[in-house]
Every structure is written in C-alpha cells, then in structure tokens.
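1. How does the following fold in three dimensions:
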Amino acid sequence: MVSGAVALVYLVVAVAIIIVLTGKCKINAFLVLIGIAFAYGLAIGLPAAKVVGDIKTGFGGTLTSIGIVIVAGTILGTVLEKTGAALAMTQAILKLVGKTRAPLAMNIAGYVVSIPVFCDSGYVILNPLNKALAKETGTSMSVMAVALATGLYATHTMVPPTPGPIAAAGALSADLGRVILLGLIAAVPASLAGLLWATKVARKYEISPESHESYSEIVKKYGKLPGTFLSFFPIILPIVLILLKSVAEFPTKPFGAAGLQKLISFIGDPVTALMIGVLVSLFLVRKGELKEAVDGWMGQGIKDSAIILVITAAGGSFGAIIKASPIVDFIKTNMAGMNLGILLPFIISAALKTAQGSSTVAIVTTASIMAPLLQTLGLDPALTVIAIGAGSMVVSHANDSYFWVVSQFSGMPVTTAYKAYSSATAVEGIVAFCMVAIMSFVF
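-> Below you'll find the predicted structure:
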C-alpha cells in the first residue's frame with residue numbers, strides 16, 4: 001500500500017476528477033463516485049477483493065442507516081406540495097408579517113417550506129405567489145426572487161429531513177436531533193443575510209413581474225387550502241419527536257431509563273418519526289383523492305428519492321474506501337496540528353459545490369471524505385454536517401439547476417442573476433459558516 005502522503009495526493013486528484021466528470025462532463029454522480037471508489041482503492045494498493053468488499057459494505061451500510069429516512073422525507077415533501085399545504089403555510093406567514101413586508105414573508109416561507117421540500121420544487125411552487133406579491137406591492141422581482149431563493153436555500157442545505165443533510169448526518173454518525181436543532185439555528189442568520197442582500201443589492205436591478213394573476217386569484221385557484229395548523233403539523237411533529245429522542249438520551253436521563261424513555265426513543269427515531277409524519281400528512285388529502293395520494297403522489301415521491309438514494313450510497317462506498325486508506329493515520333501524525341478545524345469541511349464542500357453545481361453531491365461527497373477523519377481531527381459530527389451544508393451554498397451559478405430555476409422563473413437576465421443571486425449565495429454560505437464557528441465554541 002502507498003504511504004499516507006501519496007494517498008492524500010491521490011484523494012485530491014480523485015476529488016478533482018469527480019468535479020470534472022460530474023460538472024463539466026455531466027456524468028451521473030452515482031457512476032462517478034462508484035468508479036472513483038474502485039479506481040482510488042486500487043491506486044492506493046488495497047487488495048482487489050477488499051476494494052469490492054468495502055464498496056459493497058459502504059453502499060449497503062449507508063442505505064441501512066438513512067435509506068428509509070430519505071424516502072419518507074421525499075414523500076412528505078411531495079404530499080405537502082400536492083395538497084396545497086406549502087401555499088397554506090406561506091399564506092399564514094404572509095398574514096403574520098403583512099403584505100408591506102412581502103420580501104420578508106417570502107424569505108420566511110422559503111425557510112419553512114424547504115425543510116421537507118427540495119428548494120427547486122419549493123421555488124416553483126411559490127413563484128406565482130412571489131410574482132403576484134411583487135406586482136401588488138410594486139417591488140422589483142429581483143428583490144422578491146433573491147429573498148425567496150435564499151430562504152429556501154438555507155434550510156435545504158442544513159436542516160433534515162432534506163436528503164442532503166440527512167445523508168451527511170448518516171455518513172458522520174451525527175445525532176439527527178442535534179443536526180436539526182443546530183441547522184435551524186444556523187439557517188436563521190443565513191436566510192436573513194440573503195434577505196438583506198436582496199433588499200440592499202438586488203433592489204438595484206429593476207425587473208417587472210410578469211404576473212397575470214393577483215394574490216387573491218392564486219389562492220382562489222387552489223380552492224380550499226388546508227388549515228394552517230394541519231399544514232405545519234406534518235413537518236413540526238417529526239422534528240419535535242426527533243428532538244425529544246435526543247433529549248431523552250442525554251446522560252442525565254431526564255425522562256428516566258425505563259418505559260417513557262424507551263417509548264420516546266422509539267417514536268423519536270428518525271425512521272419512526274418521519275413515517276409518522278407521512279401518515280399525518282394524509283389528513284391534508286381531500287376526500288376522493290386518498291387513492292391518488294397513496295398510489296400517485298407517494299409513488300412519485302419514491303421515484304424522486306431514488307437518485308438521491310443511489311448517489312448517497314455511492315458516497316458511502318467512496319467513504320469506506322477512504323476509511324481503509326492510510327490517510328487517517330497520516331493526518332493524525334502530520335496534519336492535525338494545522339488547526340483548520342471546522343473550516344476544512346466547509347472549504348471542501350464549497351469547492352465541490354462551486355465546481356460541479358449540485359449541493360447534494362457536494363454534501364454527500366464531502367461527508368464521505370470527512371467521515372474517516374472526524375475522530376482524528378476532533379470535530380463535532382453535528383457541527384460538521386452544518387459546516388458542510390454551509391459550504392454547499394457557495395456558490396450557486398450556471399452549473400447549478402437551482403440557478404436556472406431562480407433566474408428563469410423570475411425573469412432575471414443571466415448577468416443580473418450572477419450579480420444579485422449568485423453573490424447572495426456566497427454571502428449566505430459564509431454567514432452560515434460564521435454561525436457554525438460561533439456554535440463550535442458554545443456547544
């Protein structure tokens with residue numbers, strides 16, 4: 001086997017190849033990650049049989065730990081989208097802050113909606129409302145677009161049950177309740193930084209909303225929306241259950257060590273909690289649509305989760321090969337004293353994101369690289385997940401599908417999108433990391 005230094009050089013080359021193949025060549029990330037896992041394992045001198053074994057073990061182990069959670073979270077997001085619950089949540093927020101603060105309302109709506117719903121889908125769902133509010137309040141669409149997009153982006157990259165953060169938490173064996181709590185905290189200043197950027201920088205670019213429907217017409221088109229409480233409940237309940245499980249397992253055992261503690265640990269397990277959330281979401285379905293919801297909507301959610309599952313598992317395979325390499329011992333001996341600390345996962349994730357475009361791929365790949373190094377570097381698993389998520393926001397530009405969703409649906413020219421939106425994601429990611437750095441001294 002090669003030395004640790006050579007293995008580290010090979011890893012840098014492997015990451016560069018991942019960036020080129022997934023970004024420039026547009027090859028599917030699953031094929032790239034599995035292929036690189038084979039190539040890297042053989043290149044560093046692992047026996048061929050061990051390479052195959054570790055790839056299978058890493059793939060299967062990843063699916064075992066977070067596969068059901070990813071599927072359930074994706075199904076939940078699909079149901080919230082199809083039933084109009086996402087719009088109902090936005091409407092409730094708008095009533096709370098008022099139409100005069102439309103950018104703030106849409107920023108908050110994005111923050112909430114993107115916890116279970118992919119940011120791309122969330123933007124498409126809320127875009128008609130965003131345009132209608134821009135027209136009604138006389139606000140430039142550039143302001144409204146950036147405010148909504150950055151709100152969605154903050155929780156999409158840092159708060160489970162969005163698949164990226166879940167995958168990272170699984171790869172790093174981080175307590176999911178702690179990841180949710182810290183992610184929600186870090187996402188607040190990040191989201192507000194995006195809002196501030198929208199109102200101070202994006203406002204320089206005047207874009208008239210192309211909306212042919214008023215706010216009231218859009219709401220009317222959906223018919224009777226689900227109630228506010230019922231719309232929020234399928235999101236809030238699993239999060240509360242997962243957080244309670246984390247509290248129940250504190251060393252002080254606040255719920256005891258017998259019946260109640262075991263019950264909370266059972267229903268607060270991410271698999272149980274999210275399946276409960278999926279069941280609760282069925283109360284949002286109108287009469288006569290239950291069969292379509294179970295067969296069609298949930299089936300669509302399962303299909304949508306498939307690509308995330310295989311990419312995440314492939315990242316687990318790559319991570320298993322890295323774990324078997326001499327890199328861990330090399331870092332322990334030579335690099336731990338560099339004191340990059342929590343900055344290291346942020347830098348790796350940001351480099352991957354900027355180069356190849358996908359936040360999810362950046363999160364999964366970075367988590368697989370960091371997993372074998374956590375103990376050596378002395379990093380907190382939950383904070384590492386959030387740092388990776390923060391890096392995966394920097395920078396959204398032309399190689400990112402979300403960049404095109406935001407620019408095209410809002411009517412922003414590409415040059416304007418770079419100045420108003422891409423710059424906002426850089427600021428947002430950096431602010432999120434600063435919050436992670438602060439939390440690292442507190443928690």
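2. Not counting its neighbours along the chain, what's nearest Phe233?
-> Val280 (6.0 Å; C-beta to C-beta, 6 or more residues apart in numbering). Every C-beta, even on glycine, is put in place using the N, C-alpha and C of the backbone.
3. what's the burial count for the one you found?
-> Around Val280 there are 18 other residues, counting by other C-beta atoms under 10 Å.
4. go on, the one 3 residues further on?
-> As a burial measure, Phe283 scores 12 neighbours (other C-beta under 10 Å).
5. still on that earlier bit, distance from the chain centre to the helix or strand hosting the residue nearest to Phe233, please.
-> Val280 is located in helix 270-281, with elements delineated by DSSP states H and E. Mean C-alpha position of helix 270-281 versus that of the full chain (C-alpha atoms, centre = their mean, to the nearest Å) differs by 19 Å.
6. List the residues that contact Ile68.
-> Residues counted as contacts of Ile68 (C-beta atoms under 8 Å, 6 or more residues apart in numbering) are Val271, Leu274, Met275.
7. Out of the residues you listed, flag the one nearest to Pro226.
-> Using C-beta to C-beta, the shortest approach to Pro226 within the contacts of Ile68 belongs to Leu274, at 19.3 Å.
8. How about the closest one: what's its closest non-neighbour residue?
-> Per C-beta to C-beta, 6+ apart, closest to Leu274 is Ala72, 3.8 Å.
9. so what pLDDT did the one you found get?
-> If you check Ala72, the pLDDT there is 86.
10. mind listing what it touches?
-> Per C-beta under 8 Å, 6+ apart, neighbours of Ala72: Pro161, Val271, Leu274, Met275, Gly277, Val278.
11. quick one: the helix or strand harbouring it to chain centroid distance?
-> Following DSSP H and E, the helix or strand that holds Ala72 is helix 48-82. With C-alpha atoms, centre = their mean as the basis, helix 48-82 stands 15 Å off its chain's centre.
12. next one: stretch 178-187
-> Worked out by C-alpha atoms, centre = their mean, stretch 178-187 lies 12 Å from the chain centre.
13. How about stretch 403-414?
-> Distance of stretch 403-414 from its chain centroid, counting by C-alpha atoms, centre = their mean, is 21 Å.
14. Give me the buried positions along that stretch.
-> Of the residues in stretch 403-414, Phe403, Val405, Val406, Ser407, Phe409, Ser410, Gly411, Met412 count as buried by neighbour count, 16 or more other C-beta atoms under 10 Å.
15. Then stretch 161-175?
-> 161-172, 174-175.
16. same question, stretch 287-295
-> Ala293.
17. pLDDT of it, averaged?
-> 84.
18. residues in contact with it?
-> With contact meaning C-beta under 8 Å, 6+ apart, stretch 287-295 is reached by Val79, Lys82, Thr83, Leu282, Val285.
19. Specify which member of those residues is nearest to Tyr418.
-> Of those, the one sitting nearest to Tyr418 (C-beta to C-beta) turns out to be Lys82, at 33.5 Å.
20. Where does the residue lying closest to the closest one once chain neighbours are set aside sit: helix, strand or coil?
-> Counting by C-beta to C-beta, 6+ apart, Lys82 lies nearest to Trp297, which is 4.9 Å off, once chain neighbours are set aside. Reduced to three states with DSSP: H, G, I helix; E, B strand; the rest coil, the structure at Trp297 is helix.
21. count of neighbours near Trp297?
-> Residues contacting Trp297 under the criterion other C-beta under 10 Å number 20.
22. same check, this time on Tyr418
-> By other C-beta under 10 Å, 17 other residues sit near Tyr418.
23. Who are the contact partners of the residue nearest to it when sequence neighbours are not counted?
-> Spatial nearest neighbour of Tyr418, excluding adjacent residues (C-beta to C-beta, 6+ apart): His397 at 6.6 Å. Applying C-beta under 8 Å, 6+ apart to His397 gives the contacts Thr354, Gly357, Phe403, Tyr418, Ser422.
24. about what we covered before: biggest separation within the buried residues of stretch 403-414, which pair?
-> Maximum pairwise distance among these (C-beta to C-beta): 14.2 Å, between Phe403 and Gly411.
25. so where do the helices sit in the stretch 301-443 of the chain?
-> Under the criterion DSSP state H, counting those that start in this stretch, the stretch 301-443 of the chain contains helices at 327-330, 343-356, 359-370, 374-377, 381-391, 401-410, 414-417, 423-442.
26. would you turn the contacts of Ala72 into JSON lines with distance to Val146 and pLDDT?
-> Converted to JSON lines, these look like this (distance: C-beta to C-beta, whole Å; pLDDT from 0 to 100):
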{"residue": "Pro161", "distance to Val146": "25", "pLDDT": "79"}
{"residue": "Val271", "distance to Val146": "36", "pLDDT": "86"}
{"residue": "Leu274", "distance to Val146": "31", "pLDDT": "87"}
{"residue": "Met275", "distance to Val146": "36", "pLDDT": "92"}
{"residue": "Gly277", "distance to Val146": "30", "pLDDT": "90"}
{"residue": "Val278", "distance to Val146": "32", "pLDDT": "92"}
